[in-house]
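K.L.:
Sequence plus predicted model, see below.
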There are 2 protein chains.
Amino acid sequence: MLPLAPENCVDVLVIGAGPAGLMCGNALAAAGGLDVRIIDQRPSKVSAGQADGIQPRTIEVLHSYGLRERLLREGNQMHTCAFYNPNDVGEIELTSRAPDVTAPTARFPFEVCQVTLHQGAIEQMFLDSMAAHNLRVDRPVKPVAIELSREPEELHDLSSYPVKVTLARLDATTDTNRLEVVRAKYVVGADGAHSWVRKAFGITMEGEQTEYVWGVVDIVPDTNFPDIRNKTVIHSTNGSCMIIPREGDKVRLYVQLSENDIVDPGSGRVDKTRMSSEQILEVARKSFHPFHISPSSDVEWWTIYIIGQRVASSYSVEDRVFIAGDACHTHSPKAGQGMNASMNDTHNLAWKIVQVLRGCANPSILKTYEAERRKYAQDLIDFDKQFAALFSGKPRTSDNQDGVSHEEFLKAFQTFGGFTSGIGVHYSPSVIVNTKHQKCAKNLIIGERMLPQVFVRAADTRPVEIQDLLPADTRFKILVFLGSTKESRLMEINTLVNELSLPTSFLRKYPMGGQASLMFDIITIVAGDKQNFNYLSVPVIFRPHWSKVLLDDTDVTGRKGGGAYSRFGISTEEVTFVIVRPDGYVGMIAPAVALEDVHAYFASFLIAHAV
Amino acid sequence: MLPLAPENCVDVLVIGAGPAGLMCGNALAAAGGLDVRIIDQRPSKVSAGQADGIQPRTIEVLHSYGLRERLLREGNQMHTCAFYNPNDVGEIELTSRAPDVTAPTARFPFEVCQVTLHQGAIEQMFLDSMAAHNLRVDRPVKPVAIELSREPEELHDLSSYPVKVTLARLDATTDTNRLEVVRAKYVVGADGAHSWVRKAFGITMEGEQTEYVWGVVDIVPDTNFPDIRNKTVIHSTNGSCMIIPREGDKVRLYVQLSENDIVDPGSGRVDKTRMSSEQILEVARKSFHPFHISPSSDVEWWTIYIIGQRVASSYSVEDRVFIAGDACHTHSPKAGQGMNASMNDTHNLAWKIVQVLRGCANPSILKTYEAERRKYAQDLIDFDKQFAALFSGKPRTSDNQDGVSHEEFLKAFQTFGGFTSGIGVHYSPSVIVNTKHQKCAKNLIIGERMLPQVFVRAADTRPVEIQDLLPADTRFKILVFLGSTKESRLMEINTLVNELSLPTSFLRKYPMGGQASLMFDIITIVAGDKQNFNYLSVPVIFRPHWSKVLLDDTDVTGRKGGGAYSRFGISTEEVTFVIVRPDGYVGMIAPAVALEDVHAYFASFLIAHAV
């Protein structure tokens, strides 16, 4: 008879400690007060391989968790993308160099490449951050059974633990301590492209494998290729290559291969043993001609794969079990989206789970996770299909007039710039995205991330980037664009103060633990000048701390800040609320005269508390 | 009979672990390979008090040791200085607000205030950095005897240890382990205003005590004063005050007192027991009228002092014992120079000692320490006398037409901006400052610190700040302004390459341990554009690594960089060498045609090595 497995309860069980799982675990741990567990079946963190460019929007997101400094210190930055195409004699030559990022509002207008081999990599960064919040990855542990209650009553009861997961400790020495049962309120399956969680619930992947086959190899190159430190796209008559310069002197090469080289004809599956790093490099060498390239030391890491472009049919089961990251979408690595999409999935999900667990938000907001992220994944795959076809296609030459022209490729590269940078991600209207008053700030797009902008703090004229005041701390940020504070507007402002002070005001209805400041953070932006403005003149309700009053003015050097009202399209003659979600996306905009709409917005998904 | 004290030898003994001693210890430890010891008689680091604004130039210097990030993360920044003066009815009111820093070339155009109370303060920052280089402060230990050999032979012998210091361990439990004899090649006395080292060698302080008496108090204020978060100068009819906003909500107040209040009439010395923080605050309260100010919690720290403006008659004894920091200069805290001057003293000294100890530089360069830093201290005191008189003087009012007018004060504040920011520090010609070819780059002043400027790296178009490539790593930085690389200039450039490759070239004559790169770092700046330039076209001697070739062009966003040749006044039609000393100051500039002068510059103080 098997011994009874021990049982315990957690608020959230995160399965998988790749980019999506780590982002999730870190966000949940940082929120505080929750019982979170994160498991991974690998005995230690991956030593190499799972790397991509970190896109500008992902840098902003990592920054909102306080992780940017380390990322930028340790990663390599890509500012330029170079394009090489065949000349008349079929040898590649530089066609043009273009900015790698074509998103004018990007705060960090470059990509960062960081590979998980080193302590400094993304994965270690998250592990260190989680450890600071007392969360560590439990490994090697894998789920062997999962059961979700389908009782409506249990599913609706926030105090219940409707998911039962049996875990196996892979390094257990005896049967007694091998199995364990965990009962969870929520489970996040971030367990990769072959997701066990996804399969356990029979969620299918939609889409197809494509015929593109790529080899990837990491080397320190010995080369006379002039753009070896730029991201470079090579279209040669021999096939395509992409160069991703890495930290130090390392470089990652993506090399287009022939399907025949690596697919086992019997099984139809990729068989890595049919290929070697030497063979990949041999293909690269031909594509680089007339330039030479060879590894100056041992190949650090290599792999091969066939691009799949697929998305899961569903992202959740009963809004109690979620899947995220590679578990719900796979696509080509060419546009460098994989790790970015994965981390942004759980960045989107984590705050919603936290607010529901706290009893502050209605569980209905969890539905927005699939709505927002699955649509994004589909868009990503549509983009990826077009891009991968262009990328893997033969270049246009005098012999091949049907090939892909450089102009065609460059146009696609730039058209998709907003998309590939992550800056253009746009969430559709939902319970948490209300576009009714978009006209009040026509250039701050509701459903997109809050634009970066420098203001000066009224009290000490220090220039501050508004994004620095929008940490991913699970709070809604209420940006109060107060407008000018001239005499004639004081009555209007005072009336607003009185309305906001009523018990029916959203600032009074949803305090967490009796403190409104745990639910909302108020930042007031005045159209005033630093020479004469007195921050103490701002009503106390808009000034929870001296640091929260900003001026739309330049700093003392005149080099930074100013012009935001006009840039955003906000009037200085009325009060405008810009509500930024905990994940940094603009959720609603409203003029003070439509204060009722703000109340209604929050009332639609927040739960009022007796103080 | 006393037991014999144990004896041991060190390269450098640093006495005192305040700002000057810590900068010294850290710089020596970071250089590597030296036997360094640092002692302090205090049982633990100071818990409060030794604080000042960190000036823009000091931020640059700390950055050159890799310490900026933490400083800026943890310190409070001051961007604006506000001025309050009496109005017609004698109440203070805002006269004007001005940029706190008036140095147009400052890379960090603000002051940082950080007080040594916290882990994050300057002192802890240095302690952590030193620990990373395996150097820890030995405490509580104080010197009780010091002897310097006066034998010329011993003094000139670089392998000798001419200074004998007897140390007493203050926490020793027995006589046996109380005393210790250390023999040192060099001793740096950074032991404060009452320097034991200075007195031991009979070095006198020149200058006088002045009549200005100040109280200092650290509080979290409860106030309606509008500029409490700005550096503020208050001239009231009741006396002067200065506000230095600190980290968090804390504020430091400097309050002018009457000498009678605190000097013991019998001894003529300051007697702190005659004053209390309540009394200081009472004076402040009167000066703040009609605004109110009071501590919202207990007073954290307070003190009183009389300003002394004095400089040591000598900074060294036989160039084997040096004094630095408060040990050689004292001045008023108003312009916030104390900690800055102290750290910059040893920043100037440390690399010189290192290069002499390594056998790379002639000991004659040590004389430049006193020449450069004593002149600076004298200038500082001249400035301070004028400034303190204006600061402590009664304001001009209708009743007091002889008082100091605001215009007079503001003019002094701005005139001295270059000086108080540290940006304008100018070292006179010497063996390491050669102004012969100043005209080749008329806006890069020889003897001043290298100007900040953004370039783009040729290989990857990443924007880089040139100051980031000038770490305080004891190496001379050879900035090769190659000019344009058009066809017509190739012969000239090739000739230069050949000359620099000769065994008589400075690049070949002074290798350390056989490696030129340990003595010199070459950075090449090309007047070229990022679209077309191939960094591999730069001769290998000017390109020790792909990251060392820069372009004078804008980055891909067009927002940063460009225009340096014209800004510096350097021709793009010839090669110009800009030699930056290890401490970041421009030591020499020369056109390639005057290469002999560059050879002569280094030959005058470096020691040639057989490879």
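P.N.:
Perfect, I can see it now.

K.L.:
How about the secondary structure of A:Ile579?
P.N.:
strand (DSSP: H, G, I helix; E, B strand; the rest coil).

K.L.:
Quick check: it touching A:Tyr585?
P.N.:
No: when contacts are counted by Cβ atoms under 8 Å, A:Ile579 is not listed as touching A:Tyr585 (9.9 Å). Quick note: C-beta positions are derived from backbone N, CA and C, even for glycine.

K.L.:
Pull up the gap between the residue nearest in space to the middle of chain A and A:Arg373, please.
P.N.:
Central residue of chain A (Cα atoms, centre = their mean): A:Asn344, 2.4 Å from the mean position. Going from A:Asn344 to A:Arg373 by Cβ to Cβ, to the nearest Å gives 8 Å.

K.L.:
Next: A:Leu357.
P.N.:
For A:Leu357, the distance to A:Arg373 - Cβ to Cβ - is 19 Å.

K.L.:
Following the helix or strand A:Gly21 falls within in sequence, what is the next regular element?
P.N.:
A:Gly21 belongs to helix A:19-31 when assigned by DSSP states H and E. Sequence order places strand A:36-39 as the next helix or strand after helix A:19-31, per DSSP H and E.

K.L.:
about what we covered before: out of A:Leu357 and A:Arg373, which sits in the more crowded spot?
P.N.:
A:Arg373 (26 against 21; other Cβ atoms under 10 Å in any protein chain shown).

K.L.:
all strands for the stretch 201-350 of chain A, in order.
P.N.:
Ranges of strands in the stretch 201-350 of chain A, per DSSP state E, counting those that start in this stretch, are A:205-219, A:221-223, A:231-236, A:239-245, A:251-257, A:293-295, A:301-312, A:316-317, A:321-323, A:329-330.

K.L.:
and these as JSON lines, adding mean neighbour count, mean pLDDT and distance to A:Glu574?
P.N.:
Listed next are the strands of the stretch 201-350 of chain A as JSON lines, based on neighbours: other Cβ atoms under 10 Å in any protein chain shown; pLDDT from 0 to 100; distance: least, Cβ to Cβ, whole Å:
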{"stretch": "strand A:205-219", "mean neighbour count": "19", "mean pLDDT": "82", "distance to A:Glu574": "47"}
{"stretch": "strand A:221-223", "mean neighbour count": "17", "mean pLDDT": "96", "distance to A:Glu574": "59"}
{"stretch": "strand A:231-236", "mean neighbour count": "24", "mean pLDDT": "92", "distance to A:Glu574": "45"}
{"stretch": "strand A:239-245", "mean neighbour count": "23", "mean pLDDT": "90", "distance to A:Glu574": "48"}
{"stretch": "strand A:251-257", "mean neighbour count": "23", "mean pLDDT": "90", "distance to A:Glu574": "52"}
{"stretch": "strand A:293-295", "mean neighbour count": "17", "mean pLDDT": "96", "distance to A:Glu574": "61"}
{"stretch": "strand A:301-312", "mean neighbour count": "20", "mean pLDDT": "82", "distance to A:Glu574": "43"}
{"stretch": "strand A:316-317", "mean neighbour count": "22", "mean pLDDT": "97", "distance to A:Glu574": "40"}
{"stretch": "strand A:321-323", "mean neighbour count": "27", "mean pLDDT": "98", "distance to A:Glu574": "41"}
{"stretch": "strand A:329-330", "mean neighbour count": "27", "mean pLDDT": "86", "distance to A:Glu574": "42"}
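
K.L.:
residue in the stretch 151-300 of chain A nearest to chain B?
P.N.:
The stretch 151-300 of chain A approaches chain B most closely through A:Arg229 (3.8 Å), counting by Cβ to the nearest Cβ.

K.L.:
How about the stretch 501-611 of chain A?
P.N.:
Distances between the stretch 501-611 of chain A and chain B by Cβ to the nearest Cβ are smallest at A:Val556, namely 3.8 Å.

K.L.:
quick one, what contacts A:Ile219?
P.N.:
A:250-251, A:253, A:281, A:295-297, A:299-300 (Cβ atoms under 8 Å, 6 or more residues apart in numbering or on different chains).

K.L.:
Recalculate using a threshold of 7 Å.
P.N.:
A:Ile219 is in contact with A:251, A:253, A:295, A:299-300, counting by Cβ atoms under 7 Å, 6 or more residues apart in numbering or on different chains.
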